[in-house]
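Enquirer: predicted model and sequence below, questions to follow.
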Amino acid sequence: MNLSLVSIHIEKSSKAVSLGCAMLAAALKQRFPEEVRVNLLDLYLQEPAVDCVDRILQQQPDWVGLSLALWNRKTALEIADRLKALRPDLVILAGGPEATGDPLKLAQHPSIDLVLPGEGERLIVETLDSFFQGTGIAGIRKSMRSAPAADLALLPSPWLDGTLRAEDHAGLVWELSRGCPFKCDFCFESLGTEGIRRFPAERLRAELKRFATAGVTQIFVLDPTFNFHREEAKRMLRLMAETAPEIHFNIEIRSEYLDREMADLFAELNCSLQIGLQSADPTVLAKLNRCFDPIDFQQKVMLLHEAEVAYGFDLIYGLPEDNLEGFLASLDFALAMAPNHLDIFPLSVLPGTRLAETAPGFGLIHVQEAPYRIVSSPTFGEEDLATAARIAEACTLFYNKGAAVPWFGLLLENLQWSPAQLFSRLSTWLQEGDRDLTDVTQLQQAFLHQLFEERDQPDSGRIAADIAAWFGHYAALTDPARPCRHEEPEPGHTYLNTLSVFARFRTDPGELLANLQRGISDFEELAFFLEEEPCEALIYLHEGDVDFQILTAEQSRFLQGLPRKLEEAQPAGELADFLTEARARGIVCDYYRNGERLNSKKPLNPIQDADKI
């Protein structure tokens, strides 16, 4: 039998790893080493359904399994319909989160033959066992019962048995446990389970060694309550730091289980943390069977802040009995703790959750199809939800994409505004004109100029815009996910550092950074000390540090004219002296016939070494 297990990802990324399907494939490989040939196939939402169908049929499957999630359900069902139209003999299975939350409705879809709800390893093995013993699809459907794996130690690892190759992934997802001890009404993480079941430590250690050996750079840890068992979490953190110190880990945690020792262990790890805040109103959360102590939350997060650990929060707007004012208060509460990012979502009333059952009692009106988003409630009307969505978009754009974290507090201090006030104004400004959202730094600068012009403080606007420019470009150059210009160097040429950007300032950036380093934070005071001196600078990354070089018009034209042949990149006079220094500082690189390039000394870091500028 040929079985195709299909994952449909949002986009190509480090998270786009078909781990769920691979777990099924590994279980089938263990049970049916000869009888079943399993093919894993990764598809993406950007691909037309007709192309997806062609790729599936190229594998000549007898059965096809589709993993359905919130974001791909509509596409997956369209693919199933097209498959059935072309190959009525195909047996099509539906699994994944949507099959767990909404099995009855999916079972009624004419192109779906079998629905595998919950954890699928045992189900798919039993399904094929029954089929090979002569049971028909109708009989299998009647006898199918979901149940979680009783012992995760019995499940084979797709990373260790060769089903998935770590070498094929720069980033990947890593499953440490299943289940959840909490019963939050809006989530079905704990459906069908009691407590937490963990994979054996020996397996996790072997997988982690495999990842480190394979050169994996980023791991998304699949464990919604990583630190629920404190001592187990600490042991795992030590293992991760010792075994894979170069890998960046993305980890979800609960704030209430943090302590200082754990914060220090996170600090020793290359990681970023995600904390589900959802709302800062204990009354709202209590109605969703979720406990929250604002003071404890702040104290625990402060442990991470003091340990210099990167962390972000989740917020949800549209929760039952919450309102726009409450959402804005939660926004202010969250950003007061300077998270590295803030992810904001509208409420989705997911099928299979307790909230789906209680939604009528709360008066929630929501879309009945994926993504099941709220339309209105007695306390959060459609207009207020639209306002919250615009403010969330403004926050995502300015704070997250705009890398405003290092200077956001400074901006609010000078404006004497709360985060909610700033993003409410920004959301209005974005609607007032046709804004170009492709260059977030330029958008920030334009907004800040206008904001301070309205206050009759144009010089403060100049300072604010230059701060936004520096930190925006700094963040873009140091972002590990930054798309690089993969230009194959031609021997015998001089090239500009590919990790660089030309930027314009209205103040000398070196003087600005030096004054900020000295603790001068008032924009009017900074403007008094720093005269308006429009200039162009090249900001670049070299040997792990960000440096910059203020350019004359001639120097800028020369650099922007690269690459050039070595014999043509030999200017005379002052430009020759500049080029010599540019080579030494890593601004330009010479590639010789053997492919070698000129390396240089380590430059100053304008933030850490502002006193040396």
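Expert: Cool, the structure landed.
Enquirer: from here on, contacts and neighbour counts on C-alpha atoms
Expert: OK.
Enquirer: pull the residues that contact the one helix or strand residue 92 maps to.
Expert: Per DSSP states H and E: residue 92 is located in strand 91-95. By Cα atoms under 8 Å, 6 or more residues apart in numbering, the residues outside strand 91-95 that reach it are 62-68, 80, 106, 111-118, 120.
Enquirer: of the residues you listed, buried ones?
Expert: 63-68, 80, 106, 111-118, 120 (16 or more other Cα atoms under 10 Å).
Enquirer: out of the contacts of strand 91-95, which sit inside helices?
Expert: Cross-referencing the contacts of strand 91-95 against helices under DSSP state H gives 80, 106, 120.
Enquirer: how about stretch 167-181: buried residues?
Expert: Those would be 169-174, 176-180, for stretch 167-181 by 16+ other Cα under 10 Å.
Enquirer: and which of those residues is nearest to residue 238?
Expert: Each of the buried residues of stretch 167-181 was scored against residue 238 by Cα to Cα, and residue 176 proved nearest at 14.9 Å.
Enquirer: distance of that closest one relative to residue 325?
Expert: Going from residue 176 to residue 325 by Cα to Cα, to the nearest Å gives 38 Å.
Enquirer: please apply the same query to residue 410.
Expert: Distance from residue 410 to residue 325, by Cα to Cα: 24 Å.
Enquirer: higher neighbour count, these two?
Expert: Of the pair residue 410 and residue 325, residue 410 is the one with more neighbours under other Cα atoms under 10 Å, namely 17 against 13.
Enquirer: are we agreed that that one is in a strand?
Expert: No: using DSSP: H, G, I helix; E, B strand; the rest coil, the assignment for residue 410 is helix, not a strand.
Enquirer: tell me which element the closest residue to it other than its chain neighbours is part of?
Expert: Of all residues not flanking residue 410 in the chain, residue 521 sits nearest, at 6.7 Å (Cα to Cα, 6 or more residues apart in numbering). Mapping residue 521 onto the secondary structure by DSSP H and E places it in no helix or strand at all.
Enquirer: per-residue confidence for residue 521?
Expert: With respect to pLDDT, residue 521 has a value of 94.
Enquirer: surely it and residue 412 touch.
Expert: No: counting by Cα atoms under 8 Å, residue 521 stays clear of residue 412, with 11.1 Å between them.
Enquirer: give me the neighbour count for residue 35.
Expert: By the criterion of other Cα under 10 Å, residue 35 has 13 neighbours.
Enquirer: can you tell me the SS state at it?
Expert: Residue 35 - assigned by three-state DSSP - is coil.
Enquirer: so how far is residue 122 from it?
Expert: Distance from residue 35 to residue 122, by Cα to Cα: 17 Å.
Enquirer: low-confidence regions, the stretch 351-500 of the chain specifically.
Expert: Along the stretch 351-500 of the chain, the parts satisfying pLDDT under 70 run over 480-488.
Enquirer: strands along that one, start to end?
Expert: Remark: strands assigned in the stretch 351-500 of the chain by DSSP state E, counting those that start in this stretch are 365-366, 374-376, 493-496, 500-505.
Enquirer: among those strands, which is nearest residue 208?
Expert: Taking Cα to Cα, strand 500-505 is the member of the strands of the stretch 351-500 of the chain nearest to residue 208, at 34.1 Å.
Enquirer: re earlier: quick check, nearest of the ones in helices among the contacts of strand 91-95 to residue 388?
Expert: Proximity to residue 388 was ranked across those by Cα to Cα; first place goes to residue 106, at 32.3 Å.
Enquirer: report the contact partners of that closest one.
Expert: 94, 99, 112, 115.
Enquirer: farthest-apart pair in those residues, please.
Expert: Greatest spatial distance in the contacts of residue 106: 99 and 112, 10.9 Å, computed using Cα to Cα.
Enquirer: wait, residue 119 touches residue 145, no?
Expert: No: using Cα under 8 Å, residue 119 makes no contact with residue 145, being 10.8 Å away.
Enquirer: which one's more surrounded, those two?
Expert: Using other Cα under 10 Å as the criterion, residue 119 and residue 145 rank with residue 119 on top: 21 against 11.
Enquirer: and that one, its phi and psi?
Expert: Dihedral pair for residue 119: phi -70, psi 130, per degrees, to the nearest 10.
Enquirer: tell me the contacts of it?
Expert: Residue 119 makes contact with 146-149 under the criterion Cα under 8 Å, 6+ apart.
Enquirer: and it, how far from residue 21?
Expert: Taking Cα to Cα as the measure, residue 119 falls 11 Å from residue 21.
Enquirer: for residue 537, same thing?
Expert: Counting by Cα to Cα, the gap from residue 537 to residue 21 is 49 Å.
Enquirer: so these two - more neighbours on which side?
Expert: Taking other Cα under 10 Å, residue 537 and residue 21 do not tie; residue 21 has more neighbours (28 against 18).
Enquirer: make sure the more buried one is indeed in a helix.
Expert: Yes: applying three-state DSSP, one finds residue 21 inside a helix.
Enquirer: now it: how far from residue 121?
Expert: Distance of residue 21 to residue 121, computed by Cα to Cα: 9 Å.
Enquirer: how about residue 52: what's its closest non-neighbour residue?
Expert: Excluding the flanking residues, the one nearest residue 52 by Cα to Cα, 6+ apart is residue 43, at 6.8 Å.
Enquirer: I figured that neighbour hits residue 7, correct?
Expert: Yes: Residue 43 lies in contact with residue 7 (Cα under 8 Å); the separation is 6.0 Å.
Enquirer: and those two? which has more neighbours close in?
Expert: residue 7 (26 against 22).
Enquirer: which residues touch stretch 71-89?
Expert: Contacting residues not belonging to stretch 71-89 are listed as 8-10, 45, 49-50, 52-53, 62, 66-68, 90, 92, 98, 111-112, 370-371 [Cα under 8 Å, 6+ apart].
Enquirer: same check on stretch 39-46?
Expert: Here stretch 39-46 has contacts from 2-12, 17-18, 21-22, 25, 52, 56, 59, 72, 75, using Cα under 8 Å, 6+ apart.
Enquirer: make it 10 Å
Expert: Stretch 39-46 has contacts (Cα atoms under 10 Å, 6 or more residues apart in numbering) with 2-12, 16-19, 21-22, 25, 49, 51-53, 55-56, 59-61, 64-66, 71-72, 75-76, 163-164.
Enquirer: from these, which would you call buried?
Expert: Buried members of those, scored by 16+ other Cα under 10 Å, are 3-9, 16-19, 21-22, 25, 49, 52-53, 56, 61, 64-66, 72, 75-76, 163-164.
Enquirer: picking that back up, so of the contacts of stretch 39-46, which ones are in strands?
Expert: Among these, the ones falling in strands (DSSP state E) are 2-9, 64-66.
Enquirer: identify the farthest-apart pair in those.
Expert: Within those, 2 and 9 form the most distant pair, 22.4 Å apart (Cα to Cα).
Enquirer: where do the helices of the stretch 451-600 of the chain begin and end?
Expert: Using DSSP state H, counting those that start in this stretch, the helices of the stretch 451-600 of the chain run over 458-478, 509-517, 523-529, 553-560, 573-585.
Enquirer: enumerate the positions of stretch 96-110 that are buried.
Expert: Buried positions in stretch 96-110, judged by neighbour count with 16+ other Cα under 10 Å: 96-103, 106-107.
Enquirer: which one of those is nearest to residue 339?
Expert: Compare each of the buried residues of stretch 96-110 with residue 339 using Cα to Cα and the shortest gap goes to residue 97, at 29.2 Å.
Enquirer: what sits closest to that closest one if chain neighbours are left out?
Expert: Distance criterion Cα to Cα, 6+ apart; nearest residue to residue 97, sequence neighbours excluded, is residue 69 at 5.3 Å.
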